[in-house]
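S.K.: Requesting a structural model of the entry that follows:
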Amino acid sequence: MTTAATTDLDLFENDDLDEPNHLLDDASADAYFAELLSHSLDRLSQEPQMLEAEARRAEARGLEAALARGRTAFPAAASALAAAAGALREASAAAASAAAALPAAGDAADAFARAAPALARRMAADAAARRGAAAAANLAEAPALAAAAARGGGFDEALALRALLSRAALLHPAPSSISSSGKAGGSSGAVLLDAAGGGAAAAAARSALLARLASPEPLPLAECLRCVGYLRRLGGGGAGGGGGGEAPLRAAFLRARGRRLSASVAAAAAAAASPSPSSSFSGAPLEAIKRLTDVHRTQLFEVATQFRAVFGGGSSGTSPSAAAASAVEAEAEADLSAWLSLRVASYLDSLAPALRQLRDGASLRAALDHASFAAASLGGGRGGGATGGGARSGAGADARAALPPLFERAALQLFALNLSRAVAGFEAGLAAHSWVVLPVPAATTATTATEAAAAAAAGNQPPPPPYSLLAHAPAARLSNALSQALNDLRACAPPGAGARAASLFGDALAACAAAARSAAAARGGGGGGRRSGGGVPASSAVAAALAAEALAEATERVALPYAARCFACVYPEHSREVERVLRRAVAAEAEEGRERGAMPAAVAV
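M.R.: Got it, this is the predicted structure:
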């Protein structure tokens, strides 16, 4: 609108009446001249004034038209000018800000240029991940399938799935952002494998295999080799499944087999504590010891055989590989020997309290024979050869040297128990005895000396019991009890227990002599009380006193010396100690009798 007004003004400002060519074209000019020629002179003389008046009127009309249009055009132009000035100021401020921000933009551009390669690699990795999404989904299901296969016993399938995961981890290593979050020193493949769940599947398979090795069910050698082979493929038998060679696998194998042995021992102990009517186990202490020994013998031999078959070296010669194999075999043999030593020590610890439950020498001897056989069968040794090599005939755990101390203590405890029972029974018999001297058959008294001489000529054989003790029931029962104690000791007489057995036996004989002499003194018998000249007692008190004195003399002179001679048949080298103790005890009792004085007047008739 402003432009139109300006154009109209320009037309009027540039109007030049002196140049008609600018106002009229040729046809109009010709028509105008023809019209002028038709006017009169007066009219022609007035034409200039009329033209001037017409020009003034045209100028007035143009001015009016220009003013009419300028009422809106000029304010609009002013507003546009103000807006342009504001926009110019804003553009100047923006240009200044842009100039100030140019260094930061340059730094950002440089940083972007530096990060562009990493961003490109990450974008490429993302694109590769999107392309392998289907394969990753299949790999994500592999750990669960491997764990299920391991629980079901399909270890071949579990290992195949684990190999698939391992191959995927090697072919597609983890980015640095993932591997840096893993364990220190671990490879990106291992991190991916654990992240995918392969570690959990391997741990489940490893636990199942170790549980099979520790199962109480029989484990043939082929099955044992199969389990250990799977454990090798899983990367060892440790809890973390890490490497480290064969040592962790050997340790895991021995721990599992040790748990199986402990479970079998516990089952045998439970059967001994509460035998069932349907089982052949009687629950006797000897049967419990035999079962305990058999469990250790069979299972230790089985474990040693399987261990050597699985971990033993088969190389021979002088090559470096043979030397390395020999070193590995030596390490394995050391591990097995240490484990066998621990298990044998555990067996001896379990055997010691079981031996204390035996109550006769025959059972103790049977237990010793059974344990010695088991120890000898476990011992064995390597076969012949120029270098001492060859296969072992046993487990290599000979424990025969550790058995004598155990059975020596058990034999001495049983001997001491029998002696204490004999002394207690003799004292109880003296307290309840009716003091009457029974007659002794003449034939028995006549043959006593002959039988004693025959026994002495026979050498290290126990003499026959003196028949004169039949007149004194407590002394006869004491002789039987002492003979029974010696028989139990003789059935399992440890060679090194002679001195201790002699001390125990001497103390028991001294206690019996003291008990007999105390009973005689309690019934009025001093040291020299005898029958009357006619052999008939004056009263019942005198008869009791004489019977007590006769019992004491029979005990001191017959029963106890006979027991000492029987002891000499068991330990001849310690018989003098027993005789010395017995003589000292008899002399002490005689001295006490003399101090007590003669019998009362009522008795000495």
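S.K.: So what's the gap between stretch 572-584 and the chain middle?
M.R.: Relative to its chain's centre, stretch 572-584 lies at 56 Å (C-alpha atoms, centre = their mean, to the nearest Å).
S.K.: Buried residues, that stretch. List them.
M.R.: 574-575, 577-579, 581-582 (16 or more other C-beta atoms under 10 Å). Every residue, glycine included, has its C-beta placed from N, CA and C.
S.K.: Run through the stretch 251-400 of the chain and note the low-pLDDT ranges.
M.R.: The model of the stretch 251-400 of the chain has pLDDT under 70 over residues 274-283, 313-325, 380-394.
S.K.: just to revisit the earlier point, considering the buried residues of stretch 572-584, which is situated nearest to Ala401?
M.R.: Proximity to Ala401 was ranked across these by C-beta to C-beta; first place goes to His574, at 23.8 Å.
S.K.: What is the neighbour count of Pro248?
M.R.: Using other C-beta atoms under 10 Å, Pro248 has 19 neighbouring residues.
S.K.: any idea how far the one helix or strand Glu333 maps to is from the chain center?
M.R.: If you go by DSSP states H and E, Glu333 is part of helix 320-355. Mean C-alpha position of helix 320-355 versus that of the full chain (C-alpha atoms, centre = their mean) differs by 19 Å.
S.K.: So what's the gap between whichever helix or strand comes after it and the chain middle?
M.R.: Where DSSP H and E defines the elements, the next helix or strand beyond helix 320-355 is helix 361-379. Computed by C-alpha atoms, centre = their mean, the chain-centroid distance of helix 361-379 equals 33 Å.
S.K.: What residues of whichever helix or strand comes after helix 361-379 count as buried?
M.R.: Heading C-terminal from helix 361-379, the first helix or strand you meet, by DSSP H and E, is helix 403-432. Residues 403-404, 406-412, 414-416, 418-419, 422-423, 426-427, 429-430 are the ones in helix 403-432 that count as buried (16+ other C-beta under 10 Å).
S.K.: Likewise for stretch 490-503?
M.R.: Judged by neighbour count (16+ other C-beta under 10 Å), stretch 490-503 contains these buried residues: 490-494, 497-498, 500-502.
S.K.: Please narrow those residues to those residing in helices.
M.R.: Judged by DSSP state H, those include 490-491, 498, 500-502 as members of helices.
S.K.: if we can go back for a sec, so the helix holding Glu333 versus helix 403-432, what angle?
M.R.: On the basis of axes from the mean of the first three to the mean of the last three C-alpha atoms, to 10 degrees, helix 320-355 is oriented at 0 degrees to helix 403-432.
S.K.: Packing partners of helix 320-355?
M.R.: Counting contacts by 3 or more C-beta pairs under 8 Å, 6 or more residues apart in numbering; DSSP states H and E, helix 320-355 packs against helix 247-273, helix 285-311, helix 361-379, helix 403-432.
S.K.: quick one, that helix and helix 247-273 angle?
M.R.: For helix 320-355 against helix 247-273, the angle by the same axes, to 10 degrees is 20 degrees.
S.K.: roughly how far apart are the residue nearest in space to the middle of the chain and Ala334?
M.R.: For the chain, Arg255 is the residue whose C-alpha lies nearest the centre (C-alpha atoms, centre = their mean; 7.6 Å). Note on Arg255: its distance to Ala334, by C-beta to C-beta, to the nearest Å, is 16 Å.
S.K.: And for Ala367?
M.R.: 32 Å.
S.K.: again, but for Ala134
M.R.: Separation of Ala134 from Ala334 (C-beta to C-beta) stands at 52 Å.
S.K.: So for those two, which sits in the more crowded spot?
M.R.: The residue with more neighbours, out of Ala134 and Ala334, is Ala334; 11 against 8, by other C-beta under 10 Å.
S.K.: To what extent is Val436 buried, counted in neighbours?
M.R.: 11.
S.K.: mind checking the SS state of it?
M.R.: In three-state terms, and counting by DSSP: H, G, I helix; E, B strand; the rest coil, Val436 is coil.
S.K.: how about the nearest residue to it, chain neighbours excluded?
M.R.: Ala547 (5.9 Å; C-beta to C-beta, 6 or more residues apart in numbering).
S.K.: right, and the helix or strand after the helix or strand containing the one you found?
M.R.: Using DSSP H and E, Ala547 sits within helix 540-554. As assigned by DSSP H and E, the chain's next helix or strand after helix 540-554 is helix 560-570.
S.K.: after that following helix, next one along is what?
M.R.: Once helix 560-570 ends, the next helix or strand along the chain (criterion: DSSP H and E) is helix 575-596.
S.K.: Do me a favour and average the pLDDT over that next one.
M.R.: Across helix 575-596, pLDDT averages out at 78.
S.K.: What count of nearby residues applies to Leu63?
M.R.: Residues near Leu63, counting by other C-beta under 10 Å, number 13.
S.K.: Confirm that it sits in a helix.
M.R.: Yes: looking at Leu63 with three-state DSSP, it is inside a helix.
S.K.: returning to that earlier point: just the buried residues of stretch 490-503 now: which is nearest Ser97?
M.R.: Pro494 (109.3 Å).
S.K.: quick one: pLDDT of that closest one?
M.R.: Note on Pro494: pLDDT of 84.
S.K.: now Ala516
M.R.: Residue-level confidence at Ala516 comes out at 88, pLDDT.
S.K.: Please shift the residue numbers so they start at 19 in all later answers.
M.R.: Okay, using 19 as the starting number, the last item reads as Ala534.
S.K.: how near is Ser46 to Arg74?
M.R.: Using C-beta to C-beta, Ser46 is found at 21 Å from Arg74.
S.K.: ah, wrong one, I meant Gly276
M.R.: Gly276 sits 136 Å away from Arg74, going by C-beta to C-beta.
S.K.: now do Leu188
M.R.: 106 Å.
S.K.: And Tyr50, by the same measure?
M.R.: The gap separating Tyr50 from Arg74 is 19 Å, by C-beta to C-beta.
S.K.: Likewise for Ser355?
M.R.: Applying C-beta to C-beta, the value for Ser355 to Arg74 is 143 Å.
S.K.: helices or strands up against the helix or strand harbouring Ala181?
M.R.: Applying DSSP H and E as the criterion places Ala181 in helix 173-189. Contacts defined by 3+ C-beta pairs under 8 Å, 6+ apart place helix 173-189 against helix 151-169, helix 206-213, helix 216-231, helix 239-252.
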